[in-house]
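1. Next one to model:
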Amino acid sequence: MKQKQIFRILYFSCLLFIFSCSKKSTFPIELPKQNLAMDIITLSSDEMEGREIGTPGERKAGDYIAKRFAEIGLQPIGDKGTYFQTFTRKKSGNPHGDESTTMGTEVTGRNILGYINNGSMSTVIVGGHYDHLGYGNEGSLYVGDLAIHNGADDNSSGVAGVLYLAESIKKSNFKKHNYLFICFSGEEKGLWGSNYFVNNTSLDKKTFNYMVNMDMIGRLNEERKLAISGIGTSPDFEAILDNIKKPKFNIKKDLSGMGPSDHASFYNAEIPVLAFFTGQHSDYHKPSDDAHLINYEGVKDIVEYIYTVVSTLETKEKLPFTKTKDESQTRMAFTVTLGVMPDYLYDGIGLKLDGVKDGKPAQIAGLEKGDIVIKMGELDVPDMQSYMKCLSIFKPGQTVEVKFLRAGKEMSKQVTF
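-> Purely as a prediction, here's the structure:
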């Protein structure tokens with residue numbers, strides 16, 4: 001433990017040096033960048049034990065976030081004048097893992113709420129979940145003994161983004177809207193915290209203007225790809241994003257307001273949403289998702305971009321809501337699994353693999369990260385929807401030819417499901 005503390009101090013010192021040597025920010029408000037780094041490092045440290053909902057580690061992380069809210073000067077609007085909104089749920093599976101484990105067990109979590117009250121009839125919500133997988137009992141993709149899943153990208157990065165944006169807005173002259181900052185628990189179990197908030201808030205939901213969600217914004221790659229979902233949930237969003245001059249990112253737009261993160265709870269309540277995401281990676285839901293792999297300058301740049309978006313929307317009245325295509329109506333029942341992680345930021349033809357799971361059909365057949373699947377059996381795979389259709393058609397035990405591109409060369413493998 002002492003060695004880890006020494007490493008943490010040395011690592012943080014190196015980050016401060018990097019930040020001090022970086023180019024001067026064009027952000028309109030000067031903020032201490034070291035807070036952003038320290039928030040990620042602290043929340044993803046072993047002391048938090050993976051922040052699984054209902055555990056001492058999650059409680060310690062929640063206390064830390066509440067302390068940061070107080071330092072920023074946000075008003076507590078949780079239970080009994082605190083920053084905490086407590087909720088209890090029975091475990092019933094989760095969207096990321098095995099639904100059969102520990103079903104029926106009661107667990108208590110806490111959302112953390114901080115408020116800037118400008119006396120407006122319109123409130124902007126900024127959120128991100130702070131819970132993770134603990135020791136990997138549920139939802140882990142790691143093959144091995146139980147180990148702490150620190151979740152630096154998922155989602156200490158998003159929480160740090162919420163805190164950084166909260167501090168910037170608190171120091172701004174934004175007065176047209178109120179601002180509510182929420183760090184949710186229970187996201188990994190099935191959006192528990194955000195669902196609870198939407199259905200049990202003490203505020204008038206009719207005043208909710210739009211919601212910004214930050215989930216996994218810590219791995220901005222060299223191509224600087226940034227996915228923004230929910231653009232179709234208000235007719236104002238796309239024009240505003242297109243009019244922001246010279247964004248630093250290669251932006252992939254997604255119109256849908258649905259998705260496996262907390263913004264879906266608000267979209268389902270007919271509130272416009274924007275969700276920011278830098279993509280999955282080979283450390284997703286594994287113990288290796290650690291703080292030293294975070295692109296800290298990238299997180300800072302993303303939050304400053306979000307600030308620009310919010311600043312532009314500050315001059316607007318309450319946004320109209322638009323329902324996007326309901327994915328639940330087209331969702332298919334999968335009969336097999338290929339055992340891959342798609343690259344959600346890829347916008348070319350085919351399904352690009354961002355990871356291949358050990359012991360699953362793709363890995364056994366010899367597919368690799370970076371391969372682009374273009375055909376499965378007799379079915380073309382031009383996009384994600386067609387890939388999901390394939391998984392609903394093929395049967396366990398069936399062998400099909402999978403055609404794919406590797407470094408531009410077309411290849412094929414026989415895959416048995």
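2. Surely Asn117 touches Gln75?
-> Yes - Asn117 lies in contact with Gln75 (CB atoms under 8 Å); the separation is 6.0 Å. Just so you know, the C-beta spots here come from the backbone N, C-alpha and C atoms, and that holds for glycine as well.
3. Those two: who's more crowded?
-> Gln75 (15 against 12; other CB atoms under 10 Å).
4. Please name the bridge partners of the residue nearest to the more buried one when sequence neighbours are not counted.
-> Excluding the flanking residues, the one nearest Gln75 by CB to CB, 6 or more residues apart in numbering is Tyr115, at 4.3 Å. Bridge pairing for Tyr115 (DSSP bridges) gives the partners Gln75, Leu180.
5. for Tyr115, what are its contacts?
-> 74-77, 178-181 (CB atoms under 8 Å, 6 or more residues apart in numbering).
6. Can you add pLDDT and give these back as CSV?
-> Below are those laid out as CSV (pLDDT from 0 to 100):
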residue, pLDDT
Leu74, 98
Gln75, 98
Pro76, 98
Ile77, 97
Asn178, 98
Tyr179, 98
Leu180, 99
Phe181, 99
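7. ok, and Phe87, which helix or strand is that part of?
-> Mapping Phe87 onto the secondary structure by DSSP states H and E places it in strand 84-90.
8. Paired strands for that strand, with orientation please.
-> Per DSSP bridges, strand 84-90 is paired in its sheet with strand 106-116 (antiparallel).
9. next one: the partner strand to chain centre, how far?
-> 17 Å (CA atoms, centre = their mean, to the nearest Å).
10. and what of stretch 194-209?
-> Remark: stretch 194-209 is offset 20 Å from the chain centroid, using CA atoms, centre = their mean.
11. what's the next secondary structure element after the helix or strand bottoming out on mean pLDDT in the chain?
-> None of the helices or strands of the chain scores lower by mean pLDDT, DSSP states H and E than helix 327-330, at a mean of 47. Per DSSP H and E, the first helix or strand lying C-terminal to helix 327-330 is strand 340-342.
12. pLDDT on that next one, on average?
-> Looking at strand 340-342 alone, the average pLDDT works out to 87.
13. which residues make contact with it from outside it?
-> 280, 282, 284, 351-357, 360, 362, 367, 384, 387.
14. quick check, nearest of those to Ile393?
-> Tyr387 (11.0 Å; CB to CB).
15. could you point out which element follows the helix or strand that contains the closest one?
-> Using DSSP H and E, Tyr387 maps to helix 384-393. Counting by DSSP H and E, the element after helix 384-393 in chain order, helix or strand, is strand 399-406.
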